[in-house]
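*Asks:* Pasting the sequence and the predicted model now:
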Amino acid sequence: MISISKEKIEDELIAKTRMQSYNYTVIEAVLINLMMPFINYAFVFAFSSAPRMEGNKDIPLLAFLLTMQILTFRSLKKAYNEE
């Protein structure tokens, strides 16, 4: 509710700041989900006599989303710089 509520003065700066915060949040969530299997493995390795790596089926999807976002950003940035 708080993140989608409007400010008293809603201008371009507020809209840009809100969109940047959404973008950063999504990227952070993807990175955390990509790192979690390794963090879990480190804890299991530290506290278990028979550690094993358990896979997460979301990692390929998250890696694909992050890769596509980076490639799209670079191509858009290049297109805007050429104008």
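*Replies:* Perfect, I can see it now.
*Asks:* can you map out the helices along the chain?
*Replies:* Using DSSP state H, the helices of the chain run over 12-47, 59-82.
*Asks:* Can you tell me which of those helices is nearest to residue 5?
*Replies:* For the helices of the chain, proximity to residue 5 was assessed by CB to CB; helix 12-47 is nearest, at 10.2 Å. For glycine as for every other residue, the C-beta is placed from the backbone atoms N, C-alpha and C.
*Asks:* got the angle for the closest one vs helix 59-82?
*Replies:* 150 degrees (axes from the mean of the first three to the mean of the last three CA atoms, to 10 degrees).
*Asks:* what's helix 12-47 packed up against?
*Replies:* If you count contacts as 3 or more CB pairs under 8 Å, 6 or more residues apart in numbering; DSSP states H and E, helix 12-47 packs onto helix 59-82.
*Asks:* And the contacts of the helix it packs on?
*Replies:* With contacts defined as CB atoms under 8 Å, 6 or more residues apart in numbering, helix 59-82 is touched by 27, 30-31, 33-34, 37.
*Asks:* would you turn the helices of the chain into CSV with mean neighbour count, mean pLDDT and distance to residue 6?
*Replies:* Shown next, in CSV, are those (neighbours: other CB atoms under 10 Å; pLDDT from 0 to 100; distance: least, CB to CB, whole Å):
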stretch, mean neighbour count, mean pLDDT, distance to residue 6
helix 12-47, 12, 81, 8
helix 59-82, 11, 76, 27
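*Asks:* Distance to residue 5 for those helices - can I get that in a markdown table?
*Replies:* Below are those laid out as a markdown table (distance: least, CB to CB, whole Å):
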| stretch | distance to residue 5 |
| --- | --- |
| helix 12-47 | 10 |
| helix 59-82 | 26 |
